[in-house]
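**Student:** Return a 3D structure for these sequence lines:
(6 chains)
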There are 6 protein chains.
Amino acid sequence: MATLGLIEYEDAGPEVRAVYDDIMATRKTDWINNFWKAIAHDPATLKRTWESIKQVMAPGALDPLTKELIYVAVSVTNGCNYCIASHTASARNKGMTDAMFLELQAVVGMANETNRLAAGYQVEVDERFKM
Amino acid sequence: MATLGLIEYEDAGPEVRAVYDDIMATRKTDWINNFWKAIAHDPATLKRTWESIKQVMAPGALDPLTKELIYVAVSVTNGCNYCIASHTASARNKGMTDAMFLELQAVVGMANETNRLAAGYQVEVDERFKM
Amino acid sequence: MATLGLIEYEDAGPEVRAVYDDIMATRKTDWINNFWKAIAHDPATLKRTWESIKQVMAPGALDPLTKELIYVAVSVTNGCNYCIASHTASARNKGMTDAMFLELQAVVGMANETNRLAAGYQVEVDERFKM
Amino acid sequence: MATLGLIEYEDAGPEVRAVYDDIMATRKTDWINNFWKAIAHDPATLKRTWESIKQVMAPGALDPLTKELIYVAVSVTNGCNYCIASHTASARNKGMTDAMFLELQAVVGMANETNRLAAGYQVEVDERFKM
Amino acid sequence: MATLGLIEYEDAGPEVRAVYDDIMATRKTDWINNFWKAIAHDPATLKRTWESIKQVMAPGALDPLTKELIYVAVSVTNGCNYCIASHTASARNKGMTDAMFLELQAVVGMANETNRLAAGYQVEVDERFKM
Amino acid sequence: MATLGLIEYEDAGPEVRAVYDDIMATRKTDWINNFWKAIAHDPATLKRTWESIKQVMAPGALDPLTKELIYVAVSVTNGCNYCIASHTASARNKGMTDAMFLELQAVVGMANETNRLAAGYQVEVDERFKM
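**Tutor:** Numbers count the residues shown, from 1 in each chain, chains lettered A, B, ... in the order given. Presented below is the predicted three-dimensional model:
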């Protein structure tokens, strides 16, 4: 169970409720996942993290699905089970097909392999890459 | 310097040259970066790794630029300097603009932050995410 | 279940019991947590690890609570669920309040974010930091 | 060199200068380290990251030095050279003595060791830690 | 549960069955573990990964048990619970005794500790090691 | 440069010299590498770390070369440049051939790849592995 427990909507103060409301409105959903309920014990971190996520994940030069795939890639590389589960679900909501999921994992796998080969062989950065 | 040094094209045997040729043909370039020259001491690994990369990074359900962004995200999360340098360059060659680069880094940063918050607060996976 | 199982006090040999006794005496507690019971299959590692921990976590230039917070920060960054659970509990025993816990997590989250931004942007170390 | 180069104060727009000014005022210093100059290519990320850092690192339930030690611990665990260099310097500015530095490293080292032992032995979380 | 579920032998197409058959024949066993059943949703990745593993883990300059110990060491360092469980089992099948297991964990633990000490103290690589 | 600088033999106190002497005697060499000179600022950590390493790396159920290969595998997975350089050199001193080095890297690379695939596909541990 989460270290300090989860704060449900009905038990939340106005500051936390305002963030919950914004999460649900922004995501067009009617529930709040455990991550937010856990960090709600720290309303400042809840608000800051949500606003940062909202800003960073908004459509821009990269579309929201691409951003979500990147989020999954990081979560897999860090071995964060919660984040893998939640962001895989988010990616699907944003249109990730099974075929995309499979290719995503394959790229993540290969990147992790070659990252270690580059380190293990002590490969120096090419001059051309430094420009 | 790379642990076993780098194998230049002119010093390479036919098996290694064949891979180098395929890399250059596939990437429409006339040079080989240090990563391949370092692992060329093991022709089986060179061939296997290149063929895996070629397969995995080919256009499919995800386009090559998206795959390269994912590659950078993994490399940044692993702190692999060589891979960050080389795949950032590759991503640019495939069309990554500065604006895309900036959004990519912002997503990678936030994902790393929330990965740790989820772990640190010991958040349990929501039932809905398990389906 | 732990790979080799857990060694309970009543099943332990004198060498292991001596370490268990010292753990309980040092920590002023009457039980041994699973970590020690798992590694007790290797009495040399049990003894070496306990003595190292005892030395390192003792009050010194840093107080025991600060050291425990650092331990949690590392465990969260490594995503070690066992260690997050056990050292969060230890930190509380040593006086960590909820407010401290929340600030600790916030710092760990931000540090992980900026660590990746520094790597992703390939930032060079400032000359002033090299001195 | 940083991927997109560094933005010096004299070349910065008003939005970036405002952040630089606040960094220098808050830290009571007259220079900006490379991290901020690198991410200044993305003024939104610069502003968001700085304001988050300022909030998170401010005195609270934990004092600024303790927070800085935690920052170093995370950076070491992630192997982020830039961050190790910059936050070790920051910690010294905030009062970290050599003796504190040495104890910090010792704790970080032991935590990394026991994190892996817990994982390698597949130790289950004690029931008592779940409460 | 695995994101896309597991593909059992009886539900598998000929391409996947061929890999499953080769896994069982190579490993002289009559069952397939979940890892392969999970990635079988992507027959190309299944085949590529299995053939790479088969090639890499075959006896060569290093014997299969040594390779398996290395596999466990990496999995522990990455905190990959599935891989720790499966490769610890594989190592035992290949002859790892309890005594070997214990020494393996001790080395992994120490390596993780000194890796961080080297980073934390910002130790420069000795000239002699660069040759 | 190392954070606190390096302590040369001629500048070391008797406690540090005793460890340096033991390192050189045990390793049958006439020099001390930077790692030890850096942590020598903390004689207790120097002594504890060296004695732990000496105990852990001694011949036992695993031979010294196998242990050194495991050390390299961990160091590569952690991306610790200093440790990769120093332990690759140590492994060579203990008999690692180029062929062994190449196979080691290939195994490390594959293990890192499949670790992430297992996490990314959210594969559950097989019941058989839990026994």
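
**Student:** need the residues of chain A near chain E, please.
**Tutor:** Among all residues of chain A, those adjacent to chain E (criterion: C-beta under 8 Å from any C-beta of the partner chain) are A:79, A:88, A:98, A:101-103, A:105-106, A:109. C-betas here are computed from N, CA, C, even on glycine.

**Student:** just the buried members of the residues you listed?
**Tutor:** When neighbours are counted using 16 or more other C-beta atoms under 10 Å in any protein chain shown, those contain these buried positions: A:79, A:88, A:101-103, A:105-106, A:109.

**Student:** how many neighbours does A:Asn78 have?
**Tutor:** Using other C-beta atoms under 10 Å in any protein chain shown, A:Asn78 has 26 other residues around it.

**Student:** hang on, the earlier thing: show me the two of the buried ones among the residues of chain A next to chain E that sit farthest apart.
**Tutor:** Largest separation among those by C-beta to C-beta: A:Gly79 and A:Glu103, giving 20.4 Å.

**Student:** one step back: quick one: the buried ones among the residues of chain A next to chain E as CSV, columns for pLDDT and secondary structure too.
**Tutor:** Formatted as CSV, the entries for those read as follows, by pLDDT from 0 to 100; DSSP: H, G, I helix; E, B strand; the rest coil:
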residue, pLDDT, secondary structure
A:Gly79, 98, coil
A:Thr88, 98, helix
A:Phe101, 98, helix
A:Leu102, 98, helix
A:Glu103, 98, helix
A:Gln105, 98, helix
A:Ala106, 98, helix
A:Gly109, 98, helix
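
**Student:** Isn't A:Ile7 up against A:Val19?
**Tutor:** No: at 10.7 Å, A:Ile7 and A:Val19 do not qualify as touching, with contact defined as C-beta atoms under 8 Å.

**Student:** Between those two, which contacts overlap?
**Tutor:** Residues touching both A:Ile7 and A:Val19 comprise A:Ala40, with contact defined as C-beta atoms under 8 Å, 6 or more residues apart in numbering or on different chains.

**Student:** Give me the most central residue, chain A.
**Tutor:** Ranked by distance to the mean C-alpha position of chain A (C-alpha atoms, centre = their mean), the top residue is A:Tyr71 at 4.4 Å.

**Student:** Isn't it up against B:Val107?
**Tutor:** Yes: applying C-beta under 8 Å, one finds A:Tyr71 in contact with B:Val107, separated by 6.1 Å.

**Student:** intersection of neighbour lists for the two?
**Tutor:** Residues touching both A:Tyr71 and B:Val107 comprise A:Met57, with contact defined as C-beta under 8 Å, 6+ apart.

**Student:** Which residues of chain A lie near chain C?
**Tutor:** Residues of chain A lying close to chain C by C-beta under 8 Å from any C-beta are A:3-4, A:39, A:41-42, A:44-45, A:49, A:78-80.

**Student:** Taking these together, which two end up most distant?
**Tutor:** Greatest spatial distance in those: A:Ala44 and A:Gly79, 27.9 Å, computed using C-beta to C-beta.

**Student:** Which one of the residues of chain A next to chain C sits in the busiest neighbourhood?
**Tutor:** Neighbour counts for the residues of chain A next to chain C (other C-beta under 10 Å) peak at A:Ile39, which has 32 neighbours.

**Student:** who touches stretch A:31-46?
**Tutor:** By C-beta under 8 Å, 6+ apart, the surrounding residues in contact with stretch A:31-46 are A:2-9, A:12-13, A:15-16, A:19-20, A:23-24, A:49-50, A:82, A:86, B:114, B:117-118, B:121-126, B:128-129, C:98, C:102-103, C:105-106, C:109, D:55.

**Student:** Restricted to strands, list those residues.
**Tutor:** By the criterion of DSSP state E, membership of the contacts of stretch A:31-46 in strands covers no residue at all.

**Student:** what's near enough to touch the residue nearest to the centre of chain A?
**Tutor:** Counted by C-beta under 8 Å, 6+ apart, A:Tyr71 has contacts A:57, A:83, A:87, A:90-91, B:107, B:110-111.
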